[in-house]
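Student: from the sequence below, what's the structure:
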Amino acid sequence: MSVVVPVAVAKVIRVRVSGEIDAYTVDRLIKVIEPHLDISDALIVVDLSDVTFLGAAGLRALVEAENHVRRVGSRLYLISATAAVQRSLALLDVVRE
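Tutor: Residues are numbered from 1 along each chain as shown. From the prediction side, this is the model:
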């Protein structure tokens, strides 16, 4: 007799964003991320590698998204390649401390 043990496959959702994220464009970021925020036990990867500017509105949206996914038991992971975005994300670390 063989026993089949189900293996949970990790839920990984990758969202890629490009261009500038500021007060005028943040709604597009929210529109792309929001549908995935209520998925529990997921890893939501937001790829910011092609983002050229990340302003306060974008940072606020990412913090709100992170808070939301934590409440449902998921994680938000940010990928960034540009120095400008990395500097903005460093401000998030300062705010969290």
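Student: please count neighbours and contacts with C-alpha atoms only from this point.
Tutor: Noted.
Student: helices or strands up against the longest strand seen in the chain?
Tutor: Determined from DSSP state E, the single longest strand within the chain is strand 42-54. With contacts defined as 3 or more Cα pairs under 8 Å, 6 or more residues apart in numbering; DSSP states H and E, strand 42-54 has these neighbours: strand 11-21, strand 75-79, helix 83-96.
Student: quick one, it and helix 83-96 angle?
Tutor: 120 degrees (axes from the mean of the first three to the mean of the last three Cα atoms, to 10 degrees).
Student: same question for strand 42-54, mean pLDDT?
Tutor: Strand 42-54 shows a mean pLDDT of 91.
Student: can you list the buried residues in it?
Tutor: 42-51, 53-54 (16 or more other Cα atoms under 10 Å).
Student: check which strands are paired with it and give the direction for each one.
Tutor: Partners of strand 42-54 in the sheet, by DSSP bridges, are strand 11-21 (parallel), strand 75-79 (parallel).
Student: identify the bridge partners of the residue most central in space within the chain.
Tutor: Centroid-nearest residue in the chain: residue 46, 4.0 Å away (criterion: Cα atoms, centre = their mean). Under the criterion DSSP bridges, residue 46 forms beta bridges with residue 15, residue 78.
Student: that one and residue 31: what is the separation?
Tutor: From residue 46 over to residue 31 the distance is 13 Å, taken as Cα to Cα, to the nearest Å.
Student: where does the prediction get shaky in this protein?
Tutor: 1-10, 93-97 (pLDDT under 70).
Student: would you mind finding the longest helix in it?
Tutor: helix 56-72 (DSSP state H).
Student: C-alpha coordinates for that one, PDB please?
Tutor: Output of helix 56-72 as PDB, limited to C-alpha atoms (Å, rounded to 0.1, in the frame of the first residue of the first chain):
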ATOM      1  CA  ALA A  56       6.200  59.200  -0.400                       C
ATOM      2  CA  ALA A  57       2.900  58.100  -1.800                       C
ATOM      3  CA  GLY A  58       4.500  54.900  -3.100                       C
ATOM      4  CA  LEU A  59       6.200  54.200   0.200                       C
ATOM      5  CA  ARG A  60       2.900  54.700   2.000                       C
ATOM      6  CA  ALA A  61       1.100  52.300  -0.400                       C
ATOM      7  CA  LEU A  62       3.800  49.700   0.200                       C
ATOM      8  CA  VAL A  63       3.600  50.100   4.000                       C
ATOM      9  CA  GLU A  64      -0.100  49.700   3.900                       C
ATOM     10  CA  ALA A  65       0.200  46.600   1.600                       C
ATOM     11  CA  GLU A  66       2.800  45.100   4.000                       C
ATOM     12  CA  ASN A  67       0.500  45.700   7.000                       C
ATOM     13  CA  HIS A  68      -2.400  44.100   5.200                       C
ATOM     14  CA  VAL A  69      -0.600  41.000   4.100                       C
ATOM     15  CA  ARG A  70       0.700  40.500   7.600                       C
ATOM     16  CA  ARG A  71      -2.800  40.500   9.000                       C
ATOM     17  CA  VAL A  72      -3.800  37.700   6.600                       C
END
